[in-house]
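**Student:** Sequence plus the predicted model coming up.
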Amino acid sequence: MLSFSGSREVFVLGRVDLQGSLLSTALVHDERLTKHSFYERLALHGHEIVDDDDFAHLYARTNGRPSHPPSVMVRALLCATHDKTSDRESARRSRVDLDWRWAMGVDDDFSGIGATTFSLFRARLVLEEDDQHLFEATLEKAVEAGVLKGKLTAIIDSSPVHGAGAVCDTYDLVRGFLAKLVAGAGDRLSAAAIAAARTHIGDKPDIDWQDRAGRRAYLSLLVVAAQAVSAEARALEDPALAEALALLDQVVAQDVEEGEDGSPQIRQGVAKDRVISVADPEMRHGRKSASRRFDGHKLDVMSDEETELVLGVAVRAGNASDANGTLPLLEEVQDVDGVNVERLLGDMAYSDPELREATEEVGVELVAKVPPITNAGRFPKTDFRIDTAAGTVTCPAGVTTTDAKRERDHKGRVGRRFSFAAKACAACPLRERCVKGTRAGRSIFVSPHEDRIAAARAAQDEPGTKALLRRRSKVERKIDHLQDLGMRQARYRGRRKTTLQALLAATVANFKRLCVLGAFDTTPAIAIAA
């Protein structure tokens with residue numbers, strides 16, 4: 001199996017003894033356990049969402065080291081997620097914390113779980129995608145118990161997750177990825193390239209960072225060294241160097257430009273998909289709003305409006321748009337047996353017309369408020385009567401035009417630009433309320449999704465749609481719950497490992513919610529680790 005650090009070991013599947021034991025923590029220390037707690041519920045009902053056989057494919061059948069039963073490991077991970085503990089603290093609690101040991105279902109003489117074992121087991125879950133299976137087990141239990149049934153109304157929203165890697169400036173980005181490339185290529189590089197690179201690897205140079213000329217001079221030396229190493233590494237044609245090579249080339253291209261004197265200088269502005277961290281190259285600058293910027297990833301959360309169960313989570317680039325991740329997450333949710341989403345609620349960030357069309361194609365109605373249209377105090381587009389079938393646009397003064405030319409909008413979609421004659425607009429008594437300037441006539445861009453957006457705008461004034469949109473805020477409460485379980489800050493580097501963190505948090509949230517909803521057997525069996 002692979003750990004997060006890449007080591008490989010083989011283990012034989014351990015199993016719990018379903019008959020129980022008189023030496024179980026639950027029996028030996030009954031009076032010292034916290035009743036009516038998360039730990040009690042996990043002890044009593046954990047076996048209904050996790051079973052050793054679910055993870056049998058991760059282990060060798062015969063040869064290998066003995067392992068802790070995977071169901072015990074999963075329960076320990078859920079406790080760690082609930083309490084937001086580090087691997088070292090989790091290892092300590094697995095030895096001495098009676099509530100944890102109760103929840104894990106182990107005997108009183110259980111010796112505990114090592115800190116590295118937690119890392120190794122997470123690696124198994126990631127490599128085999130079993131973290132998704134674990135989360136989906138809570139949904140399957142909800143379907144089995146009749147908690148999730150019929151046509152569902154789902155709600156979607158996103159939240160920032162601050163990355164685990166340090167945000168670096170241009171100099172540290174180039175130096176960091178240069179060091180990684182040199183380490184990977186080793187002595188296959190020329191002595192001159194290695195010598196030039198090593199002057200920039202290690203501690204930051206002792207220069208006057210307040211001196212602009214000194215910074216530019218150092219940047220020139222740094223870029224020359226990076227370009228020399230990059231050229232030699234590319235000539236090696238080694239696939240193992242591809243990632244480090246691409247990252248070094250990317251940071252130089254995104255952050256450095258040629259100055260008027262021909263020497264390198266820091267590029268003005270921010271590149272569209274700028275890498276910001278050496279430790280976690282997948283981190284990005286993101287914005288939750290115009291005033292809230294973050295560095296890391298974006299968490300998408302889809303929940304059921306009625307039960308408030310999490311239906312799906314996904315971790316994407318921090319600079320990704322909200323709408324782009326909706327359809328993949330929706331399709332993932334719909335793939336769970338018994339989960340059938342009929343309607344999806346979102347805020348204005350999900351009102352993209354192409355997303356509306358895509359959700360309609362998979363049989364889901366998207367309900368999201370359409371962004372208002374303004375025109376600096378003049379008549380907005382919504383004051384014009386647009387007939388796409390007839391190919392006409394009528395202005396507030398009653399003048400109709402059919403004069404249209406093909407034009408692309410800011411997303412490259414082909415629409416039509418309808419123009420009113422300048423002579424007609426000049427004589428119009430409403431001109432000052434409609435057209436800026438004195439010469440041109442008014443024009444209106446009609447998108448290929450005009451009718452769909454117009455219908456959505458009209459529907460949002462209906463009482464039924466207003467009531468639906470008011471219920472959309474329920475997902476914010478669920479996001480707060482996930483953040484309480486650690487999803488404000490990534491514990492691991494990279495989106496895939498952060499996805500594991502999100503799925504564990506969602507599993508804990510759903511398990512607690514299922515307990516409240518009465519979805520579990522009231523007379524559970526007791527599982528004791530062998």
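**Tutor:** Nice, thanks for sending it over. Numbering: from 1, shown residues only.
**Student:** tell me, what residue is most central in the protein?
**Tutor:** V315 (1.7 Å; Cα atoms, centre = their mean).
**Student:** Just to check, that one is in contact with T498?
**Tutor:** Yes - the pair V315 / T498 is scored as a contact, 4.8 Å apart, by Cβ atoms under 8 Å. Where you see a C-beta, it was placed from the backbone N, CA and C, and this is true even at glycine.
**Student:** Overlap of the contact sets of these two?
**Tutor:** V161, H297 (Cβ atoms under 8 Å, 6 or more residues apart in numbering).
**Student:** one step back: list the contacts for the residue nearest to the centre of the chain?
**Tutor:** So V315 contacts V161, H297, K298, L299, D300, R495, T498, T499, A502 (Cβ under 8 Å, 6+ apart).
**Student:** Helices of the stretch 101-250 of the chain, residue ranges please.
**Tutor:** 115-127, 130-144, 170-185, 191-198, 212-236, 242-255 (DSSP state H, counting those that start in this stretch).
**Student:** Contacts made by the helix or strand that the last one is followed by with the rest, please.
**Tutor:** Along the chain past helix 242-255, the next helix or strand (assigned with DSSP states H and E) turns out to be strand 256-258. Under the criterion Cβ under 8 Å, 6+ apart, residues T170, V174, L219, V223, P264, Q265, I266, R267, Q268 lie in contact with strand 256-258.
**Student:** Okay, buried residues for strand 256-258 please.
**Tutor:** V256 (16 or more other Cβ atoms under 10 Å).
**Student:** Okay, now the sheet partners of that strand, with direction.
**Tutor:** According to DSSP bridges, strand 256-258 has the following sheet partners: strand 264-266 (antiparallel).
**Student:** For the strand it pairs with, which outside residues touch it?
**Tutor:** T170, R216, L219, S220, V223, D255, V256, E257, E258, G259.
**Student:** in it, what's buried?
**Tutor:** Buried, per 16+ other Cβ under 10 Å, within strand 264-266: P264, Q265.
**Student:** related to what we said a few turns ago, now, the most widely separated pair of the contacts of strand 256-258?
**Tutor:** The distance between the two most remote of the contacts of strand 256-258 (Cβ to Cβ) is 17.3 Å, for V174 and Q268.
**Student:** Which of those two has more residues huddled nearby?
**Tutor:** The residue with more neighbours, out of V174 and Q268, is V174; 23 against 6, by other Cβ atoms under 10 Å.
**Student:** Distance check, that one against P160.
**Tutor:** Using Cβ to Cβ, to the nearest Å, we find V174 at a distance of 27 Å from P160.
**Student:** Then L33?
**Tutor:** From L33 across to P160, the span is 37 Å (Cβ to Cβ).
**Student:** any weak-confidence spans in the protein?
**Tutor:** Residue ranges of the chain with pLDDT under 70: 1-23, 26-29, 60-66, 522-530.
**Student:** okay, now the domains of it?
**Tutor:** What automatic domain parsing lists as the domains of the chain is 11-148+500-529, 170-266, 381-459.
**Student:** re earlier: any chance of a markdown table for the contacts of strand 256-258, columns distance to P205?
**Tutor:** Output for the contacts of strand 256-258, formatted as a markdown table (distance: Cβ to Cβ, whole Å):
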| residue | distance to P205 |
| --- | --- |
| T170 | 14 |
| V174 | 12 |
| L219 | 11 |
| V223 | 14 |
| P264 | 16 |
| Q265 | 17 |
| I266 | 16 |
| R267 | 21 |
| Q268 | 23 |
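**Student:** before we move on, back to that, need the contacts of V315 in JSON lines (columns: neighbour count, secondary structure and distance to D347).
**Tutor:** Below are the contacts of V315 laid out as JSON lines (neighbours: other Cβ atoms under 10 Å; DSSP: H, G, I helix; E, B strand; the rest coil; distance: Cβ to Cβ, whole Å):
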{"residue": "V161", "neighbour count": "28", "secondary structure": "strand", "distance to D347": "18"}
{"residue": "H297", "neighbour count": "29", "secondary structure": "strand", "distance to D347": "19"}
{"residue": "K298", "neighbour count": "24", "secondary structure": "strand", "distance to D347": "14"}
{"residue": "L299", "neighbour count": "28", "secondary structure": "strand", "distance to D347": "15"}
{"residue": "D300", "neighbour count": "21", "secondary structure": "strand", "distance to D347": "13"}
{"residue": "R495", "neighbour count": "24", "secondary structure": "helix", "distance to D347": "23"}
{"residue": "T498", "neighbour count": "25", "secondary structure": "helix", "distance to D347": "23"}
{"residue": "T499", "neighbour count": "22", "secondary structure": "helix", "distance to D347": "23"}
{"residue": "A502", "neighbour count": "28", "secondary structure": "helix", "distance to D347": "20"}
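**Student:** would you turn those residues into TSV with distance to G363?
**Tutor:** Shown next, in TSV, are those (distance: Cβ to Cβ, whole Å):
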residue	distance to G363
V161	31
H297	30
K298	26
L299	26
D300	20
R495	29
T498	31
T499	26
A502	26
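**Student:** Let me know the closest of these to H47.
**Tutor:** Among those, and counting by Cβ to Cβ, the member closest to H47 is A502, at 23.9 Å.
**Student:** could you check the distance from the residue located most distally from the centre of the chain over to A320?
**Tutor:** For the chain, the largest distance from the centre (Cα atoms, centre = their mean) belongs to A427, which lies 54.4 Å off. Counting by Cβ to Cβ, the separation of A427 from A320 is 49 Å.
**Student:** ditto for H133
**Tutor:** Using Cβ to Cβ, we find H133 at a distance of 25 Å from A320.
**Student:** Same check on S90?
**Tutor:** Distance, S90 to A320, by Cβ to Cβ: 32 Å.
**Student:** out of those two, which sits in the busier spot?
**Tutor:** S90 (23 against 16).
**Student:** what about I444, neighbour count?
**Tutor:** Counted with other Cβ under 10 Å, I444 comes out at 19.
**Student:** same question, the one 3 residues further on
**Tutor:** In terms of burial, S447 registers 17 neighbours under the definition other Cβ under 10 Å.
**Student:** which residues touch it?
**Tutor:** With Cβ under 8 Å, 6+ apart, S447 has these contacts: P353, D409, R413, G415, I453.
**Student:** Please repeat the previous calculation with a cut-off of 10 Å.
**Tutor:** S447 sits next to P353, T388, E407, D409, K411, R413, V414, G415, R416, I453 when contact means Cβ atoms under 10 Å, 6 or more residues apart in numbering.
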